[in-house]
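*Asks:* attaching a predicted model along with its sequence, questions to come.
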Amino acid sequence: MEEVRPRLEAFAAQMLGSLARRDQRAKGELYLRGLMLDGKRKSMQPMAERLGVDHQQLQQFVSSSTWDYSKVRERMARWAAAHIGPEAYAIDDVGFPKDGYDSPGVARMYCGALGKRGNCQIGVSVNLVSDRASSAVDWRLFLPESWDDAKHGEDPLLAEAIRHRRAKAGIPDAARHR
């Protein structure tokens, strides 16, 4: 890591330069470093242990820090286009198996990672692709109908339960099933 750290720091500074606060940029760089370290699990606690920091720093940056991700994604897309020389766009979906039902967008549906139907979240990405490289430049969490109270207006009790579930998971009102 020490060998590539200067390049990673420069990359993080370029990608996260739109973040207004220095502490957010520092936590963002720390998060990127955590993703680059050896170790199979890339969730907050294992990454924080490998970095030797409190996992709440990473958790706060990812989950509740107020920064405009669209500018970071735009910088990432421009960087990727310049370095990959894309020949095509690829739209892909990835399933993330989940045990419970409280994580945003979790539902029983087909999950490629499981090879069958199961509890999972689905992420959909747009990727720039060439013969030698690819990069996700935009992505969204797929929101199943079971998470969209507007799709269940005929059943006020169900719609209210879904609104409560959405609020608990922090899903903005504008995010809907499509």
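*Replies:* On my side now, so go ahead.
*Asks:* what's the helix or strand of the chain with the lowest mean pLDDT packed up against?
*Replies:* Least confident helix or strand of the chain, by mean pLDDT, DSSP states H and E, is helix 55-63 with a mean of 87. Applying 3 or more CB pairs under 8 Å, 6 or more residues apart in numbering; DSSP states H and E, one finds that helix 55-63 contacts helix 22-36, helix 44-51. Every C-beta, even on glycine, is put in place using the N, C-alpha and C of the backbone.
*Asks:* dump the ones you listed to TSV, plus mean neighbour count.
*Replies:* Output for the helices and strands packed on helix 55-63, formatted as TSV (neighbours: other CB atoms under 10 Å):
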stretch	mean neighbour count
helix 22-36	17
helix 44-51	17
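*Asks:* closest to His164 out of these?
*Replies:* Proximity to His164 (CB to CB) singles out helix 44-51 among those, at 25.6 Å.
*Asks:* what mean pLDDT does the closest one have?
*Replies:* Averaging pLDDT along helix 44-51 gives 91.
*Asks:* try stretch 72-79
*Replies:* The model assigns stretch 72-79 a mean pLDDT of 93.
*Asks:* then stretch 105-121?
*Replies:* 96.
*Asks:* do the same with stretch 86-95
*Replies:* 95.
*Asks:* contacts only, for Gly118.
*Replies:* Contacts for Gly118 (CB atoms under 8 Å, 6 or more residues apart in numbering) come out as Pro97, Arg108, Met109, Cys111.
*Asks:* then Arg73?
*Replies:* The contact partners of Arg73, taken as CB under 8 Å, 6+ apart, are Val137, Asp138.
*Asks:* same thing but 6 Å
*Replies:* Applying CB atoms under 6 Å, 6 or more residues apart in numbering, we find Arg73 in contact with Asp138.
*Asks:* sweet, I'm off.
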